[in-house]
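*Asks:* Fold the following and give me the result.
(chains A and B)
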Amino acid sequence: MEHVALWVAAFLTLGIISFLYKDNPWYKLCEAIFVGISAGYWFIVLFWDNIVGKFWVGVFPPKELNDVGELVNSVEPDYWLIVGAVLGVLMLMRLIPNIGWISRWPLAFIIGCTSGLYLINYFSSNMMRQVQGTIMPLLGMNYELSTYDIIGNIIIVIGTFTGLIYFYFSKEHKGWFGRAAKVGIWTIMITFGASFGYTVMSRMSLLIGRVDFLFGDWLGLIN
Amino acid sequence: MPNIGVSISLLVIFGGLAWLLIRSISGREVDRRIIFVFIFVAVAAPLLFPITFQEKATSIVRDLFDRIEELPEGSHVLISFDFDPAMAPEVQPMANAISRHCLDKGHRVIFMSLWATGQSLMTTTLTNVILPEFPEKVDGRDYVNIGFKAGNEGVLNVIVSDFKKMFPTNVNGVPLDSMEIFEGIESCADLDFIVALGGGRPGPKEWVLFVGDPADVPIGVGVAAVVAPQLYPYYPQQVIGILGGIKGAAEYESELTHRRERFADMETPGLHMMGPQTLAHLVIMSFIIIGNIAFFRKKRSGSDSR
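*Replies:* Modelled structure (predicted):
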């Protein structure tokens, strides 16, 4: 059975890689299998975890025998879950064109809740603490920083200010302001370059993983 | 034999690149498929004829290692597997190395996942690393697998104040209340350290936003390289350390093999992958240089002819 799985995995891997030569039916088959399996997998996972595991078990908890031998709920039913289930059903109204607008209500609920949930955490973690992390003593709290760290801090300060200047369009980018904006765009470009480098490394890791599978697990050429 | 293989591979790759340079300079088009072949050879050659590099941990990786090293024995460490098979080549080596390190130090490890696909990868770590290498460790006392829970940030928002409300049982249905490992653990605030592994949403960033900062719990992260730059602004105030991509995994493995004798001969998939990574990057950099040379020559010859 393991051998069959290996051959199927190799067939699908090579099929997807074959797209690099050109689009072909083998690739299309593998793509369709991937999309189909993914959709099926997520449907089953979400059905058993959300609809059964959360909603059904939450509203109709399993029964158990108490001390006097009566069948009682193992935990208190959580009827608030019915509200979530109704909102979920309303979302499906999108499939009926005449009353499709009803699906906006659960959508509005989701967006509202998510915004509320994120607002405080984002403000605290991504704004206040980031500002706090940027405005720091250049030489350390007790002048303990090494030359390397001090240079790093100076670069952070210059990069942050000049980067902000680049995005300030109410004043023409001329003279010292223009030169600062130029430093800002260089800072941004270097950041993008580093980010691109990481992306290349990530994609290469995927390729290495697949080639390792083909040569190692499938063909047995790697010890 | 491997050295001959490496030499031949390098000769083929760099000989080919020289041919590409001459072809580009003479103004002839290069088919994109030739570039794919180069990348494939650059990745395959070091896998077939292994090239290994010595990795020295950078401070951002060493900080995470040191934090786990310095925690007192018996500390509660939560490791969250928030990734899928697409990220596994990069993140699984980190997961294995960190799990080994934590258990060897005698910490109590709680494994969980916010991604459905993370559960099977967590099982891979448990089956391939923990069960064979730590047979003395007891499930429910030294480590526990509480599995996956749907709800993304909602799950984090609950466990930050009440762990057992979201996870009443472990993955096998055993109540957490009956487990020794959960004695004194009511919420994430009671944990000593959290390691968030991932690269998508929800992932390490959400752990910082919804658990690390509000509950003031130290967090270390291991991420797929593609999202590593997004995590750097959180270091060192909001995250203790970052393992970025396979390079981060390799550095952690190197630190583990050098500083903990027990793991001197352990499998190091991260280090193993750095050979192909390095060669592939060299080839890509060569392409960029060749492309630029061809571009500027073409530009100059264009301006000359005018």
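*Asks:* Tell me the pLDDT of B:V12.
*Replies:* The confidence metric pLDDT takes the value 84 at B:V12.
*Asks:* Count the neighbours of it for me.
*Replies:* When neighbours are defined as other C-beta atoms under 10 Å in any protein chain shown, B:V12 has 14 of them. Glycine gets a C-beta too; all of them are placed from N, C-alpha and C.
*Asks:* what do you get for B:N96?
*Replies:* 25.
*Asks:* any idea how far B:M122 is from it?
*Replies:* 11 Å (C-beta to C-beta, to the nearest Å).
*Asks:* show me the contacts for A:L81.
*Replies:* The contact partners of A:L81, by C-beta atoms under 8 Å, 6 or more residues apart in numbering or on different chains, come to A:K54, A:F55, A:G58, A:V59.
*Asks:* Pull out the buried residues from those.
*Replies:* A:K54, A:F55, A:G58 (16 or more other C-beta atoms under 10 Å in any protein chain shown).
*Asks:* same for the helix or strand where the last one lies, what does it pack against?
*Replies:* The reference is to A:G58. Per DSSP states H and E, A:G58 falls inside helix A:57-59. The helices and strands touching helix A:57-59, judged by 3 or more C-beta pairs under 8 Å, 6 or more residues apart in numbering or on different chains; DSSP states H and E, are helix A:81-91.
*Asks:* if we can go back for a sec, what are the contacting residues of the helix or strand following the helix holding A:G58?
*Replies:* Next helix or strand after helix A:57-59 toward the C-terminus (DSSP H and E): strand A:63-65. With contacts defined as C-beta under 8 Å, 6+ apart, strand A:63-65 is touched by A:L71, A:V72, A:N73, A:S74.
*Asks:* Pull the most distant pair out of the residues you listed.
*Replies:* Of all pairs drawn from those, the greatest distance, 10.1 Å, lies between A:L71 and A:S74 (C-beta to C-beta).
*Asks:* about what we covered before: just the contacts of strand A:63-65: which are in strands?
*Replies:* Mapping the contacts of strand A:63-65 onto strands (DSSP state E) picks out A:L71, A:V72, A:N73.
*Asks:* And those residues, which is closest to chain B?
*Replies:* A:N73 (14.3 Å; C-beta to the nearest C-beta).
*Asks:* Disregarding residues adjacent in the polypeptide, which is nearest to that closest one?
*Replies:* Distances taken as C-beta to C-beta, 6 or more residues apart in numbering or on different chains place A:P61 nearest to A:N73, at 4.7 Å, with adjacent residues excluded.
*Asks:* Now do the same contact list for B:E253.
*Replies:* Contacts of B:E253 by C-beta under 8 Å, 6+ apart are B:E55, B:P93, B:A97, B:M266, B:T268, B:P269, B:G270, B:L271.
*Asks:* and with 6 Å instead?
*Replies:* B:A97, B:T268, B:G270, B:L271 (C-beta atoms under 6 Å, 6 or more residues apart in numbering or on different chains).
*Asks:* try B:G198
*Replies:* B:G198 touches B:D82, B:F83, B:P204, counting by C-beta under 6 Å, 6+ apart.
*Asks:* what helix or strand does the residue in chain A that chain B sits nearest to sit in?
*Replies:* Per C-beta to the nearest C-beta, A:G209 is where chain A lies closest to chain B, at 3.1 Å. A:G209 belongs to helix A:175-212 when assigned by DSSP H and E.
*Asks:* Show me what that helix packs onto, helices and strands only.
*Replies:* helix A:147-166, helix B:32-48, helix B:88-104, helix B:228-231, helix B:245-259, helix B:269-305 (3 or more C-beta pairs under 6 Å, 6 or more residues apart in numbering or on different chains; DSSP states H and E).
*Asks:* what angle separates the longest one from helix B:245-259?
*Replies:* It stands for helix B:269-305. 140 degrees (axes from the mean of the first three to the mean of the last three C-alpha atoms, to 10 degrees).
*Asks:* is helix B:269-305 anywhere near chain A?
*Replies:* Yes: on the criterion C-beta under 6 Å from any C-beta of the partner chain, helix B:269-305 is in touch with chain A at B:M273, B:P276, B:Q277, B:A280.
*Asks:* Can you select the buried ones among these for me in PyMOL?
*Replies:* Restricted to buried positions by 16+ other C-beta under 10 Å, the PyMOL selection for the residues of helix B:269-305 next to chain A reads:
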select buried, chain B and resi 273+276+277+280
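*Asks:* Look up which residues are beta-bridged to B:I194.
*Replies:* Listed by DSSP bridges, the beta-bridge partners for B:I194 are B:L78, B:I219.
*Asks:* next one: the one 4 residues further on
*Replies:* In this structure, B:G198 has the following beta-bridge partners (DSSP bridges): B:D82, B:V223.
*Asks:* and it, how far is that from chain A?
*Replies:* 13 Å (C-beta to the nearest C-beta, to the nearest Å).
*Asks:* Three-state assignment for the nearest residue to A:D149 once chain neighbours are set aside, please.
*Replies:* Distances taken as C-beta to C-beta, 6+ apart place A:G140 nearest to A:D149, at 7.2 Å, with adjacent residues excluded. Here A:G140 is recorded as coil under DSSP: H, G, I helix; E, B strand; the rest coil.
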